[in-house]
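Student: Okay, here's the prediction I keep looking at, along with the sequence it came from:
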Amino acid sequence: MRKILLCLPLLFLFLLVPAKAAELEMRGVWVSSVYNLDYPSRQGLTETQLKAEADAVIEQAVAWDMTAIFLQVRPSADALYASEIMPWSSVLTGKQGQAPDGGFDPLAYFIEQCHAKGLELHAWLNPYRITRTAAETRDGAFAQLCPDHPAHQLADSVVFHSDGCLYFDPGQPQVQQHLLEITREILENYDVDGIHLDDYFYPGSSFADKETYAQYGGDFKNIGDFRRNMVSQLIDQLHKLAKSTKPEAQFGVSPAGIWASSLQIPTGADTLGSQSYFESYADSRRWVREGMVDYIAPQIYWEIGADSGDFSILLDWWNKTVADTDIKLYIGLAAYKAAEAEEGSVWYGTEELQRQLDAMRESTHTSGALFFRYGSLKKVDTSFLLTETKTETPIIRESLWPKELVLDTPQGNQAVRSGDHLKISCTAPRYSKVTVFYGSNYSTLQSDCNGSYNGYLTAEAPFETESYSSPALICSEKFGVLTVKLTPFTITSVQAENTVSVEKIEWFDTNALHQIDFYTRTPCAAEFRTSGDVLTLDFSPCRLGVLFDDDYFASMTVEQAADTTRYRLVFPDDLQKRQVQLTWSPEKITLQIQKSLPEHPTTDPQDAESSSHSTVPPPAHDRP
């Protein structure tokens, strides 16, 4: 006990010293053309004025230390570039199909000037939206289009939605082919650094595509699955097109920040906000897990601690989603909220953006930040973009833990000791930074995002031959609030010098549990880690493991490294949430996997007929 109390000064020194944060390799800004939000500032500008405005945008991006500009070149099925397929955008001249003064090509000019300044230029496309001004009738909506607009030729694949606007039907094969041709034209004619899609897919559940579903959706159990598959099919085809046409170009998507809520799908995030999986039929998790993109840039437009979508929870969820993949994670940040905030709002000033950037730099897999949008960023103090990360002194309180998580008994806290090697497992509030102190040593534990934490530290006390209880200090920090609790651990000792082998494996399955027994004759240390759909299980000291054919897993491998035998078990991508635990007995180590119910509901919440024909509110990327 005395050693634990003496290490308290170390605890506070450890938690208060800022960790060195990694710089973000991608720092981008969205430049919106829709509604003349950012570029061009108004319709009818001369060639000289268009160039001057482009130069100003690029110079400002350089001053902000950006690495890339994401220029909206297809705001509404029209073009800010010379195209043989699409008409010139009305944001340039006020009249769709009319070329800008002098035949000026904004995309070509931006590419040339960005590359001269060391910036990347990514072409930002909106795939399905055709019109953005509400009309009372379908004919009225079509009347907004210029005579040679391709929507006239594809009229059978155009839907007049309940918001009064026209959209290409994502389920129609000719629409997908049309969008591939548009993208191929850009990749072949322009030296872009990437193709970028935002969060606009299906505009709502009342989308009138029942005939399309009846014609092409026979392999799907409901219209929601059909819609998600058609969007995913386009994403996959665009990625393959980019890789085959211009391999160095990146392809990525910026979906809404919430894929799904854990209340609806267990592997979703602990959020209450709009779910893109159901509302716009964007299965962004699938795009990552199946490698359909080079990067994903979710728009996490909520503050830290927000009830509907806590930024910290979503940042952690997306980091877990890209783990064990080659997909880059960039985070879309709501600069527009800071620009619009009034005094008293958490968004007033730039402190919230700074906190979010600090969290991103300290996260495991975040590689970049994208700011929405250029005009908003110009309205705020942007000095924070160039400053180093800062860690504020945490507030110390009695406890924020729910009463049932303040542990006065060893239940839930355990350790396996092999010589002086102690493998620690404990429970604590989700999404916390948890540090355990034992003797004069400490370890920061890794989270599984379900309230379980695991890690290693050194045990200094004499070796014990049986299980015993010993106190340790658990410190949890969440949102700057520090909780300290002294709690007992159950410690199971194993003989470190006795190298074992996994000689036999048995497994069985029930509706709620999958159990695997690894027979080792005598105990050894074991550790598991989960990353996305991958479970890694290490035994040490262990010299040999046998492979087993358990069809519960999508795949499995076993490998030997020094005195460690490692099993790599890949779960099927069935959208189930699982909890894993290890238990020891004299002759075997048991891995138990608690299973949840399947994530997919029988029907999508928004697939039912709705008399109100409600639509999803427009995402922030069309905000003035």
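Tutor: Structure received. Residues are numbered from 1 along each chain as shown.
Student: Name the residues of the helix or strand hosting residue 336 that are buried.
Tutor: Taking DSSP states H and E as the definition, residue 336 sits inside helix 335-340. By neighbour count with 16 or more other CB atoms under 10 Å, helix 335-340 contains the buried residues 335-339. To be clear about C-beta, it is placed using only N, CA and C from the backbone, and glycine gets the same treatment.
Student: Now do it: distance to the chain's middle.
Tutor: Using CA atoms, centre = their mean, to the nearest Å, the mean C-alpha position of helix 335-340 is found 22 Å from that of the whole chain.
Student: who does the lengthiest helix in the chain touch, helix- and strand-wise?
Tutor: Secondary structure assigned by DSSP state H gives helix 223-245 as the longest helix of the chain. Applying 3 or more CB pairs under 8 Å, 6 or more residues apart in numbering; DSSP states H and E, one finds that helix 223-245 contacts helix 173-189, strand 194-197, helix 210-216, strand 250-253, helix 284-289.
Student: at 10 Å instead, please
Tutor: Secondary-structure packing of helix 223-245 (3 or more CB pairs under 10 Å, 6 or more residues apart in numbering; DSSP states H and E): helix 173-189, strand 194-197, helix 210-216, strand 250-253, helix 276-279, helix 284-289.
Student: if we can go back for a sec, could you export the helix holding residue 336 as PDB, CA atoms only?
Tutor: Written as PDB, here are the backbone C-alpha positions of helix 335-340 (Å, rounded to 0.1, in the frame of the first residue of the first chain):
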ATOM      1  CA  ALA A 335     -15.500  26.200 -39.300                       C
ATOM      2  CA  TYR A 336     -18.900  27.600 -40.300                       C
ATOM      3  CA  LYS A 337     -20.200  27.100 -36.800                       C
ATOM      4  CA  ALA A 338     -17.400  29.200 -35.300                       C
ATOM      5  CA  ALA A 339     -18.100  31.900 -38.000                       C
ATOM      6  CA  GLU A 340     -21.800  32.000 -37.200                       C
END
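Student: Can you spell out which helices and strands pack onto that helix?
Tutor: Applying 3+ CB pairs under 10 Å, 6+ apart, we find helix 335-340 packed against strand 26-31, helix 351-362, strand 366-371, helix 374-377.
Student: Look up how far residue 53 lies from the residue lying closest to residue 147 once chain neighbours are set aside.
Tutor: Spatial nearest neighbour of residue 147, excluding adjacent residues (CB to CB, 6 or more residues apart in numbering): residue 97 at 7.7 Å. According to CB to CB, to the nearest Å, residue 97 stands 22 Å off from residue 53.
Student: what does residue 576 give?
Tutor: For residue 576, the distance to residue 53 equals 51 Å [CB to CB].
Student: Please apply the same query to residue 82.
Tutor: 19 Å.
Student: Ok, residue 580 next?
Tutor: Counting by CB to CB, the gap from residue 580 to residue 53 is 55 Å.
Student: Over to residue 180?
Tutor: Noted for residue 180: a distance of 31 Å to residue 53, by CB to CB.
Student: So which of the helices and strands packed on helix 335-340 is nearest residue 67?
Tutor: Residue 67 lies closest to strand 26-31 among the helices and strands packed on helix 335-340, at 4.9 Å (CB to CB).
Student: Starting from that closest one, tell me which strands it pairs with and how they run.
Tutor: Sheet pairing of strand 26-31 (DSSP bridges) gives strand 68-74 (parallel), strand 366-371 (parallel).
Student: could those go into TSV alongside mean neighbour count?
Tutor: As requested, the strands paired with strand 26-31 are exported to TSV (neighbours: other CB atoms under 10 Å):
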stretch	mean neighbour count
strand 68-74	26
strand 366-371	22
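Student: out of those, nearest to residue 226?
Tutor: Ranking those by distance to residue 226, with CB to CB as the measure, places strand 68-74 first at 25.1 Å.
Student: Could I have the CA atoms of stretch 535-542 written out in PDB?
Tutor: The C-alpha trace of stretch 535-542 is given here as PDB (Å, rounded to 0.1, in the frame of the first residue of the first chain):
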ATOM      1  CA  LEU A 535      -9.000 -10.100 -33.000                       C
ATOM      2  CA  THR A 536      -5.400 -10.800 -32.200                       C
ATOM      3  CA  LEU A 537      -4.600 -13.300 -29.400                       C
ATOM      4  CA  ASP A 538      -1.100 -13.800 -28.100                       C
ATOM      5  CA  PHE A 539       0.200 -16.600 -25.900                       C
ATOM      6  CA  SER A 540       3.600 -16.400 -24.200                       C
ATOM      7  CA  PRO A 541       5.900 -18.000 -23.400                       C
ATOM      8  CA  CYS A 542       4.600 -20.400 -26.000                       C
END
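Student: Report the buried residues of it.
Tutor: 535, 537-542.
Student: measure the nearest residue to residue 195 once chain neighbours are set aside to residue 291 for me?
Tutor: Nearest residue to residue 195 in three dimensions, chain neighbours excluded: residue 251, at 5.1 Å (CB to CB, 6+ apart). For residue 251, the distance to residue 291 (CB to CB) stands at 11 Å.
Student: Over to residue 284?
Tutor: On the measure of CB to CB, residue 284 and residue 291 end up 13 Å apart.
Student: what's the answer for residue 370, then?
Tutor: Distance, residue 370 to residue 291, by CB to CB: 21 Å.
Student: Adding mean pLDDT, write the strands paired with strand 26-31 out as JSON lines.
Tutor: What follows is those, written out as JSON lines (pLDDT from 0 to 100):
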{"stretch": "strand 68-74", "mean pLDDT": "98"}
{"stretch": "strand 366-371", "mean pLDDT": "97"}
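Student: Let me have those strands in CSV, adding distance to residue 222 as columns.
Tutor: Shown next, in CSV, are those (distance: least, CB to CB, whole Å):
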stretch, distance to residue 222
strand 68-74, 31
strand 366-371, 33
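Student: nearest to residue 354, of these?
Tutor: Closest to residue 354 of the strands paired with strand 26-31, according to CB to CB: strand 366-371, at 11.6 Å.
Student: what residues are up against residue 182?
Tutor: 74, 77, 79, 83, 85-86, 125, 127, 150 (CB atoms under 10 Å, 6 or more residues apart in numbering).
Student: shouldn't residue 581 be in contact with residue 589?
Tutor: No: counting by CB atoms under 10 Å, residue 581 stays clear of residue 589, with 11.2 Å between them.
Student: Among these two, which residue is more densely surrounded?
Tutor: The residue with more neighbours, out of residue 581 and residue 589 and counting by other CB atoms under 10 Å, is residue 589; that gives 23 against 14.
Student: Check the gap between the more buried one and residue 470 for me.
Tutor: Taken as CB to CB, the span from residue 589 to residue 470 is 21 Å.
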